[in-house]
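Trainee: structure, please.
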Amino acid sequence: MTNSKSRNTRLGDVSRRAFLGTSVASAALLATPFIKPSWASERKITVRDPGGPFTAGFVQAYYEPFRAETGIEVIGIQGEHEPTGMIKAMIEAGNYTWDGALLSKSSHQSLVNLGYLEPIAPQGGPGPNLSEVPEDLRGEFILGNDVYATLIAYRTDVLGDNGPNSWADFWDIDKVPGARAMRKHPFDTMEQALLADGVAPADLYPLDFDRAFASLDKIKDSIDIWWTGGAQTSQLLNAGEVDLLPTWNGRAQVAVDEGAPVKLVWDGALYTYEGWTILKGTPNADLMREFIEFAAQGKQQALFTPHVAYGPTNPSAFEYIDPERAKVLPTNPAYLPKMVAVDTDFWGAHKDEAAERFEAWLLS
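Mentor: Numbers count the residues shown, from 1 in each chain. Down below sits the predicted model:
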């Protein structure tokens, strides 16, 4: 599903039975389900999630059922987008606010390059649930949780039939007037600028930053809001504060589900995945591995899709998803051929450089 050139390696066997069988004491406790295990409050992991509808979806799909099955408590804490700086600081200080984090594949790769993530499974091969996820949606240091697309969303009550059909249209202020917002981050924004400037998807990488910023110069003065969070884009669309913006399809779908007259443009959308990772050196790495093996199940992944319209990575999840909901997920065959895969290897090597230059450009 993705053209990422990331190296996939065999993952370890992290079966639930192996973890729960590590001690006679835990086995005895599991044999008395009507008594709250004494270790229930001690076996705990903290993970970064994106907040908003993700938190509600993850509580239903992962956190609560995982605790019910294993006694391990999972605490989800909303963190900033692309929180690589926060994770670096935690690891270097040895002070772990999170044991694991849901990260974009690009952010994960930049941390892999620094040696700041743990393998998601012990050596010996993937567990039974992990093995169901296609190899191009997982790696040694990440389990893909969901496939998402960055696309144009616009208010049909304002733009009607004159809405944008491409990134070039989004850049064309005369053809498509209206209040605009864009993401305050180089991820995806660089690609959008180059596609708008006529670069073919096949020629997109390596990104030409000079050309991208020249393209952004043409639209900079017409951007009313630089957004910093996905939930913010749902609110902007819902309230009609802007007429068109690029955002993640799941965040745009939130506005649609809440009744806003919003249309999603799949042509030219950029897609990749995000997934569960383990911070290097966390004392709870093995508990995180058990959680990740649990989260790889298709029936669990299906439970978050009513909350967030992203495509699950385990194909068996679609056996449990309402057919109408499946129609708005990025892994729908009607959309995928129209989209462009993000090169996360490129971003893993160039994230910091691009971020510094982007911040300087915004202030110029």
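
Trainee: leaving out sequence neighbours, find the closest residue to Phe170.
Mentor: Pro164 (4.7 Å; C-beta to C-beta, 6 or more residues apart in numbering). For glycine as for every other residue, the C-beta is placed from the backbone atoms N, C-alpha and C.

Trainee: so that neighbour sits against Leu244, correct?
Mentor: Yes - between Pro164 and Leu244 there is a contact at 6.2 Å, judged by C-beta atoms under 8 Å.

Trainee: any common contacting residues for the two?
Mentor: Counting by C-beta atoms under 8 Å, 6 or more residues apart in numbering, the contacts common to Pro164 and Leu244 are 152, 154, 170, 176.

Trainee: ok, back up a step: mind listing what the residue nearest to Phe170 touches?
Mentor: Counted by C-beta under 8 Å, 6+ apart, Pro164 has contacts 152, 154, 170, 172, 176, 244, 265.

Trainee: repeat that for 7 Å
Mentor: Residues near Pro164 by C-beta atoms under 7 Å, 6 or more residues apart in numbering: 152, 154, 170, 176, 244, 265.

Trainee: quick check: Asn165 is in a strand.
Mentor: No - going by DSSP: H, G, I helix; E, B strand; the rest coil, the assignment for Asn165 is coil, not a strand.

Trainee: so how far is Thr150 from it?
Mentor: 16 Å (C-beta to C-beta, to the nearest Å).

Trainee: more neighbours, these two?
Mentor: Thr150 (25 against 13; other C-beta atoms under 10 Å).

Trainee: quick one: which helix or strand includes that one?
Mentor: Taking DSSP states H and E as the criterion, Thr150 maps to strand 142-155.

Trainee: please compute how far that strand lies from its chain's middle.
Mentor: Relative to its parent chain, strand 142-155 has a centroid offset of 7 Å by C-alpha atoms, centre = their mean, to the nearest Å.

Trainee: quick one: strands adjacent to that strand?
Mentor: Counting by DSSP bridges, the strands paired with strand 142-155 are strand 138-139 (antiparallel), strand 244-248 (antiparallel), strand 262-279 (antiparallel), strand 311-312 (antiparallel).

Trainee: kindly export it (C-alpha atoms) in CSV.
Mentor: The C-alpha trace of strand 142-155 is given here as CSV (Å, rounded to 0.1, in the frame of the first residue of the first chain):
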residue,chain,number,x,y,z
ILE,A,142,6.6,0.5,14.5
LEU,A,143,3.2,-1.2,14.2
GLY,A,144,1.0,0.6,11.8
ASN,A,145,-2.3,1.4,13.4
ASP,A,146,-4.0,3.3,10.7
VAL,A,147,-3.6,4.6,7.2
TYR,A,148,-4.5,8.3,6.7
ALA,A,149,-4.7,10.8,3.9
THR,A,150,-3.9,14.5,3.8
LEU,A,151,-6.4,16.1,1.4
ILE,A,152,-8.3,19.2,0.6
ALA,A,153,-11.6,19.8,2.4
TYR,A,154,-13.9,22.6,1.6
ARG,A,155,-17.3,24.1,2.5
